[in-house]
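In: 3D model of this:
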Amino acid sequence: AGGSVAAGTFTADQESALRTAFDMFDSSGNGRLTESDLREVLREIDACVEDDELRLQQLAREVAAESRTFNTGGKSSGTSFEELKRVLRSKNIYSLQRGRYYVALSLAEAESLRVVMHLTKGSKASDGKLIPSKLTEAALRIGGGTLIDNTSRFTPAQVFQGATAEQCFRFLDSQLDFEDREVSLLLRALQGSSCDKRAQFFVSVRACRRRAKIPWASSPLAKVLTTVDEFHLLASRALVARVRTALKSKRMRLLDAFRAFDGDNIGKLTYEALYGGLSWLGLSLTSAQMLELAARVDKTHDGYISREEFEEAFGPDDDWVLEGDFHEQVPIPTLAPSVPVPTSQLAQVSLMDILGDVGSDEGSKSSSKDLVAPEIQSPPKVMSTENLSIDDGTGLGDWGALGMAATLPVVAKKNPPLAKEQ
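Out: As a prediction, this is how the structure comes out:
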């Protein structure tokens, strides 16, 4: 995977993108990354493709320790931007092995090579080596990475290097459907070429195939063909990670945040509504960053962000637990008068109290004068508002958990009559 973070020096554009990502990961805002921040950086650059959290923690400690060797300032905890830059240039984060090559073979070529591999295993003259007097080993794999056969002393590559080769072969096969991690792996391998050359190569190879010519611009591969390099991709992913961290700190699930940001109560977010919501979360974004994020989230490019697009961009929800402090969680903000009732109050107000009883002059019989339910003596521990069972007396069950609260019709609420004085 040529042109990765651990090779060469940074261009001005790459350093600028890396600085943007650094600022997003700087949770304390003091210009230094903690070990926890470094773990998130390493996660977003796919330093641990196999999702091994223990390995990720160990690697974060190694990066933190190595960055301290570059520390030229006073005593200070954390890793500065310059220290991180030097570590990325010097450390082999992805455990890449030099001298390892991947070659696509025809079936006839693979059959011939396999015959040679078996002949050398039982040959005393070659000492079991594929090429006498050479430390050359080989293995045959099929699509998906399944190992068919190998020479006696062959050792497999690390996960990152093997996974990158697999995505490169898929690119040569003119495939379009790539997951986010597969996109970043492929981008690192191709970023030595300009975006125009990548697109021209892909179109030229695909023209030789008898396949439907689906426009690549509407496919996940578009990120590979339009993103300059891994640093620009990291800056974009860092912004999404920052939003997730901010939501977690506010103890808001994605549905809660979407409903709160939807100040117009139209079931989708305008770019302005998204910007206002992110500003409330504490994210200070430039106009360029905001437009880039909106374009990333708005998959249909219709100028609006649907709930599905919002959840796909910033999800999935984290399984954080409220340790018995349900009443102390941060309330959902009221960004506009039309924002729905905060989720923290849904368990205390019935559906009839929210909508009003349009068929009765007496309003909801279950409503009291101030709409306050009896005090909950021992609130249970809940995973999130999504797991709350809301009994509103309508037979709808967990309507809040199903997201129906975000799509309820706009009905003028009818104020209940005042209680008569005795």
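In: Point out where the protein drops to low pLDDT.
Out: Residue ranges of the chain with pLDDT under 70: 1-8, 71-76, 125-126, 128, 318-422.
In: where along the stretch 101-250 of the chain do the helices fall?
Out: In the stretch 101-250 of the chain, the segments counted as helices under DSSP state H, counting those that start in this stretch are 107-121, 159-172, 180-190, 195-206, 222-226, 230-249.
In: Export those as a markdown table, with columns for distance to Ser306 and mean neighbour count.
Out: (C-beta placed from N, C-alpha, C; glycine too.) As requested, the helices of the stretch 101-250 of the chain are exported to a markdown table (distance: least, CB to CB, whole Å; neighbours: other CB atoms under 10 Å):
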| stretch | distance to Ser306 | mean neighbour count |
| --- | --- | --- |
| helix 107-121 | 46 | 13 |
| helix 159-172 | 29 | 19 |
| helix 180-190 | 19 | 21 |
| helix 195-206 | 28 | 14 |
| helix 222-226 | 19 | 19 |
| helix 230-249 | 17 | 20 |
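In: Can I get stretch 274-283 in PDB, CA atoms only?
Out: Output of stretch 274-283 as PDB, limited to C-alpha atoms (Å, rounded to 0.1, in the frame of the first residue of the first chain):
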ATOM      1  CA  LEU A 274     -27.800  20.400  10.900                       C
ATOM      2  CA  TYR A 275     -25.400  23.300  11.400                       C
ATOM      3  CA  GLY A 276     -27.400  24.600  14.200                       C
ATOM      4  CA  GLY A 277     -27.600  21.300  16.000                       C
ATOM      5  CA  LEU A 278     -23.900  20.600  15.600                       C
ATOM      6  CA  SER A 279     -23.100  24.100  17.000                       C
ATOM      7  CA  TRP A 280     -25.300  23.300  20.000                       C
ATOM      8  CA  LEU A 281     -23.200  20.200  20.500                       C
ATOM      9  CA  GLY A 282     -20.100  22.400  20.700                       C
ATOM     10  CA  LEU A 283     -18.600  21.800  17.300                       C
END
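In: So for that stretch, what gets flagged as buried?
Out: For stretch 274-283, burial by neighbour count (16 or more other CB atoms under 10 Å) applies to 274-278, 281, 283.
In: got it, and stretch 41-56?
Out: Going by 16+ other CB under 10 Å, stretch 41-56 has these buried residues: 41-49, 56.
In: what comes into contact with it?
Out: 5, 21, 25, 33, 39, 59-60, 63, 84, 93-94, 159-160, 163, 181, 184-185, 230, 234, 237-238, 241 (CB atoms under 8 Å, 6 or more residues apart in numbering).
In: How far does that stretch stretch from one end to the other?
Out: Length of stretch 41-56, first residue to last, CA to CA, to the nearest Å: 10 Å.
In: Please compute how far it lies from its chain's middle.
Out: Relative to its chain's centre, stretch 41-56 lies at 13 Å (CA atoms, centre = their mean, to the nearest Å).
In: Next, format the helices of the stretch 101-250 of the chain as TSV and append distance to Ser287.
Out: Shown next, in TSV, are the helices of the stretch 101-250 of the chain (distance: least, CB to CB, whole Å):
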stretch	distance to Ser287
helix 107-121	54
helix 159-172	34
helix 180-190	25
helix 195-206	23
helix 222-226	20
helix 230-249	14
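In: between those, which gets nearest to Asp127?
Out: helix 107-121 (8.7 Å; CB to CB).
In: So which elements touch that closest one?
Out: strand 139-141, strand 147-150 (3 or more CB pairs under 8 Å, 6 or more residues apart in numbering; DSSP states H and E).
In: most tightly surrounded among these?
Out: Here the criterion is mean neighbour count by mean count of other CB atoms under 10 Å, and of the helices and strands packed on helix 107-121 the winner is strand 139-141, at a mean of 16.
In: what are the pairing partners of that one, and which direction each?
Out: strand 147-150 (antiparallel) (DSSP bridges).
In: I'd like the distance from the partner strand to the chain centre, please.
Out: On CA atoms, centre = their mean, the centre of strand 147-150 falls 34 Å from the chain's centre.
In: Can you show me the CA trace of it as CSV?
Out: Extracted C-alpha coordinates of strand 147-150, given in CSV (Å, rounded to 0.1, in the frame of the first residue of the first chain):
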residue,chain,number,x,y,z
LEU,A,147,-5.8,-20.1,0.9
ILE,A,148,-5.6,-23.0,-1.6
ASP,A,149,-1.9,-24.1,-1.4
ASN,A,150,1.5,-22.8,-0.3
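In: List of residues touching it?
Out: 114, 117-118, 137-142, 156.
In: Would you point out the most distant pair within those residues?
Out: His118 and Pro156 (19.5 Å).
In: Please point out which parts of stretch 264-275 sit buried.
Out: 268-271, 273-275.
In: Give me the number of neighbouring residues for Gln194.
Out: Quick fix: residue 194 reads Ser, not Gln. 11 (other CB atoms under 10 Å).
In: quick one: it from Thr164, how far?
Out: 20 Å (CB to CB, to the nearest Å).
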